[in-house]
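Undergrad: The sequence isn't on hand, but the structure is:
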């Protein structure tokens, strides 16, 4: 069983909708990440939270709004998305900031924007 | 600049064949870390192995083995006696002290492996 849980697994939304993706981890990790993955492409980093503070924003459009309510939860709020935002959104956690640490990924939320 | 190249986009083999997935990397850093991840159709990226730049020992784990050669900047992955369950996309990734201090992995484009019965 994965220790990083993402909900929902699938989401279909219109361009005027507001929705949220949720990620929960019980690994005690203090670094949490959002990645976006288009079909047949590698994951692209979007945001990094370290100790519940946003530490990296990879120039992501403001229609994506991350939130880290506590050390176990990570949300991605979606508003006024475009069809090209359709992708697999992956949450990941890491046991420390050192580059030697591996990332643990959830199964992702597959988003379709109509 | 850091870069990871996986030249093989797709590979198809028949069960029980051996298969090698190639990975070539570039970095200016002397301390770096290389990873392999497996992404089955379910979507989750599963960590397989990490190798640091100071350890060129090859590693074997069951049917999986990894060959790290700094002289050619390569970190290749071999599956022996492949099985249908090995079908997935495999990503090679690099992290170094220049870009990876907060998990900024540099991913290759991935190799899709299909193992047919």
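TA: Okay, I see it. Because the structure is predicted, anything quoted here is derived from the model rather than measured.

Undergrad: Low-confidence stretches in chain B?
TA: B:99-103 (pLDDT under 70).

Undergrad: please redo it, this time with the cut-off set to 80
TA: B:1, B:97-103 (pLDDT under 80).

Undergrad: just the strands in it please.
TA: Taking DSSP state E to define them, one finds strands in chain B at B:3-5, B:10-14, B:19-21, B:24-26, B:32-39, B:46-52, B:59-61, B:64-69, B:74-79, B:88-96, B:106-107, B:111-116.

Undergrad: Adding mean neighbour count and distance to residue A:40, write the ones you listed out as TSV.
TA: No exception for glycine: its C-beta is placed from N, CA and C like everyone else's. As requested, the strands of chain B are exported to TSV (neighbours: other Cβ atoms under 10 Å in any protein chain shown; distance: least, Cβ to Cβ, whole Å):
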stretch	mean neighbour count	distance to residue A:40
strand B:3-5	17	16
strand B:10-14	13	10
strand B:19-21	18	16
strand B:24-26	17	20
strand B:32-39	22	11
strand B:46-52	16	18
strand B:59-61	11	28
strand B:64-69	17	24
strand B:74-79	20	19
strand B:88-96	24	8
strand B:106-107	22	13
strand B:111-116	17	8
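
Undergrad: and these as TSV, adding distance to residue A:29?
TA: Below are these laid out as TSV (distance: least, Cβ to Cβ, whole Å):
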stretch	distance to residue A:29
strand B:3-5	24
strand B:10-14	33
strand B:19-21	28
strand B:24-26	26
strand B:32-39	17
strand B:46-52	13
strand B:59-61	24
strand B:64-69	25
strand B:74-79	25
strand B:88-96	16
strand B:106-107	20
strand B:111-116	28
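
Undergrad: Test of understanding: give the bridge partners of the residue nearest to residue A:10 when sequence neighbours are not counted.
TA: In space, and not counting its chain neighbours, residue A:10 is closest to residue A:110: 5.0 Å by Cβ to Cβ, 6 or more residues apart in numbering or on different chains. For residue A:110, the beta-bridge partners under DSSP bridges are residue A:10, residue A:88.

Undergrad: Switch the strands of chain B over to CSV, and while doing so, append distance to chain A to every line.
TA: Output for these, formatted as CSV (distance: least, Cβ to the nearest Cβ, whole Å):
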stretch, distance to chain A
strand B:3-5, 9
strand B:10-14, 10
strand B:19-21, 14
strand B:24-26, 14
strand B:32-39, 5
strand B:46-52, 4
strand B:59-61, 15
strand B:64-69, 14
strand B:74-79, 15
strand B:88-96, 4
strand B:106-107, 4
strand B:111-116, 8
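
Undergrad: quick revisit: would you agree the residue nearest to residue A:10 is in contact with residue A:88?
TA: Yes: Residue A:110 lies in contact with residue A:88 (Cβ atoms under 8 Å); the separation is 5.2 Å.

Undergrad: Would you mind pulling up the elements that the strand or helix carrying residue A:49 packs against?
TA: Residue A:49 belongs to strand A:44-50 when elements are defined using DSSP states H and E. On a contact count with 3 or more Cβ pairs under 8 Å, 6 or more residues apart in numbering or on different chains; DSSP states H and E, strand A:44-50 meets strand A:31-37, strand A:53-57, strand A:64-70, strand A:73-79.
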